[in-house]
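In: starting from these lines, generate the structure:
(4 chains)
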There are 2 protein chains.
Amino acid sequence: MTTRWLSPAEQRAWRSYVSASSLLEDTIDRRLQAEAGMPHLYYSILAMLSEAPDRRLRMTELAEILKITRSRLTYAVTRLENDGAVQREGCPTDKRGHVAVLTDEGMALLERTAPGHVETVRAAIFDHLTPEQVGQLEEICESIARAIQGENSGACREDLPWRRRSSTS
Amino acid sequence: MTTRWLSPAEQRAWRSYVSASSLLEDTIDRRLQAEAGMPHLYYSILAMLSEAPDRRLRMTELAEILKITRSRLTYAVTRLENDGAVQREGCPTDKRGHVAVLTDEGMALLERTAPGHVETVRAAIFDHLTPEQVGQLEEICESIARAIQGENSGACREDLPWRRRSSTS
DNA sequence: AGGTATTGTTTAAAACTTGAACCACTGTGT
DNA sequence: ACACAGTGGTTCAAGTTTTAAACAATACCT
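Out: Numbering: from 1, shown residues only, chains lettered A, B, ... in the order given. Below you'll find the model as predicted:
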């Protein structure tokens, strides 16, 4: 089958998206790194915990929410635990399991840095969009997420290992 | 000043965006890693070169297009040069400068892997969007990029160093 | 000529990711 | 009960990437 290339309009949209998402992630990471001392993913871990009942979540559940491997999460939580923002506890109902708990210190960090973070997001995105565009953005992103997760229902990175480049150098 | 939190609609849009962009970048990276043996950024370097006149671009120009530091680009191009996809040449008009040139091998790699990449992008995004949504996506992303680049006209990551976390562990 | 700005690289340290191996436990079937 | 496959989560070693800072070479300006 012959390749269905992107139309000019799709091309433009795609380029814009790549540029914007790259710029955005850099901006957010920089700001978060400066004010909270951690990259976006780590901040998201704290944010998710802060909203969970009792400020605690099972490791696997957290990994699924954030769409990352358990291995990666273990590394991240260990770091956050060293920072004092999170604490690990054994799971009462399943002795294999662990729950990550947001500490008071972590909550304080979150409350201290959230305004700056929101400000970044606002300045980069929402201050310049109409209410209609906000709705459009949500729908488009929802559609993308659905498309990706539908394909291989919920398959996570670690389920489909990919070939490493042959180390020839 | 009191924080202007996100409205419920903005909140939903933001969450959707974070999820979608994370999933999307993972998907694209995995596919590109498997088929081209390189992550998205590196592929973009080849793509940009392939469209440049004479398949060549000055290092700094390339860094600006991709919005990355020169240091980061140096590393990436060195890797691509080892892979044989890119070659460095001195710049005739400025003896300080270098240009990255896409080799025939690099072009072949690009042509071989582009269909798969487009297929990924299409499956994840454009196959599920209406033409109107494609236009909306472009406008929204354009607006985001403008907002970020306008702020500190073109300031790049290396211009504004950020504090590293105090290594307390 | 002299001073400053650019270009791009190098360096060393640090952060992060990966896949595989692994242990402890759970749940199921017999 | 008992074997035994499956889960939850961590550890491990290796590799990739990123960072900031320092540097050499050249260009530009006065």
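In: going forward, measure contacts between C-alpha atoms and count neighbours the same way
Out: OK.
In: and the pLDDT at A:Q11?
Out: pLDDT, A:Q11: 94.
In: what does chain A have sitting close to DNA strand D?
Out: A:58-61, A:70-71, A:73-75, A:88, A:96-99, A:165, A:167 (Cα under 7 Å from any atom of the strand).
In: now list the buried members of those.
Out: Among the residues of chain A next to DNA strand D, those classed as buried by 16 or more other Cα atoms under 10 Å in any protein chain shown are A:R58, A:M59, A:T60, A:R70, A:L73, A:R88, A:H98, A:V99.
In: before we move on, the earlier item: give me the subset of the residues of chain A next to DNA strand D lying in helices.
Out: Among the residues of chain A next to DNA strand D, the members falling in helices (DSSP state H) are A:M59, A:T60, A:E61, A:R70, A:S71, A:L73, A:T74, A:Y75.
In: quick one: the fourth one from A:A9, how far?
Out: Look at A:R70 and A:A9: by Cα to Cα, to the nearest Å, they are 39 Å apart.
In: kindly report the same for the fifth one.
Out: Noted for A:S71: a distance of 40 Å to A:A9, by Cα to Cα.
In: so A:A9 touches B:Q136, yeah?
Out: No: at 10.6 Å, A:A9 does not count as touching B:Q136 under the criterion of Cα atoms under 8 Å.
In: between these two, tell me which one has more neighbours.
Out: Using other Cα atoms under 10 Å in any protein chain shown, the more surrounded residue of A:A9 and B:Q136 is B:Q136, with 18 against 13.
In: can you show me the strands along chain A?
Out: Taking DSSP state E to define them, one finds strands in chain A at A:56-58, A:86-90, A:98-102.
In: what number of residues lie near A:Y42?
Out: With other Cα under 10 Å as criterion, A:Y42 counts 17.
In: cool, A:T93 as well?
Out: 8.
In: and the lengthiest helix in chain A, is it in reach of chain B?
Out: Assignment by DSSP H gives helix A:8-35 as the longest helix of chain A. Yes: counting by Cα under 8 Å from any Cα of the partner chain, chain B is contacted by helix A:8-35 at A:9-10, A:12-14, A:16-17, A:19-24, A:26-27, A:30-31, A:33-34.
In: out of those, which end up buried?
Out: Buried, going by 16+ other Cα under 10 Å: A:10, A:12-14, A:16-17, A:19-24, A:26-27, A:30-31, A:33-34, out of those.
In: ok, the closest residue to A:G97 other than its chain neighbours - contacts?
Out: Of all residues beyond its chain neighbours, the one nearest A:G97 is A:C91 (5.1 Å), with distances taken as Cα to Cα, 6 or more residues apart in numbering or on different chains. Residues in contact with A:C91 (Cα atoms under 8 Å, 6 or more residues apart in numbering or on different chains) are A:R58, A:G97, A:H98, A:V99.
In: okay, A:C91: pLDDT?
Out: The model's pLDDT for A:C91 equals 94.
In: now do the phi/psi pair for it.
Out: phi -90, psi 130 (degrees, to the nearest 10).
In: pull the contacting residues for A:T103.
Out: A:T103 touches A:G84, A:A85, A:V86, A:Q87, counting by Cα under 8 Å, 6+ apart.
In: and it, how far from DNA strand D?
Out: 16 Å (Cα to the nearest atom of the strand, to the nearest Å).
In: pLDDT wise, what is the closest residue to A:S143 other than its chain neighbours at?
Out: The spatially closest residue to A:S143, leaving aside those adjacent along the chain, is B:H128, at 6.8 Å (Cα to Cα, 6+ apart). For B:H128, the pLDDT comes out at 95.
In: pull the contacting residues for B:H128.
Out: B:H128 is in contact with A:S143, A:I144, A:A147, counting by Cα under 8 Å, 6+ apart.
In: and the first one, how many neighbours does it have?
Out: Taking other Cα under 10 Å as the criterion, the count of residues near A:S143 is 20.
In: quick one: it from B:Y17, how far?
Out: 10 Å.
In: cool, and A:W14?
Out: Distance from A:W14 to B:Y17, by Cα to Cα: 15 Å.
In: for A:L23, same thing?
Out: Taking Cα to Cα, one finds A:L23 at 14 Å from B:Y17.
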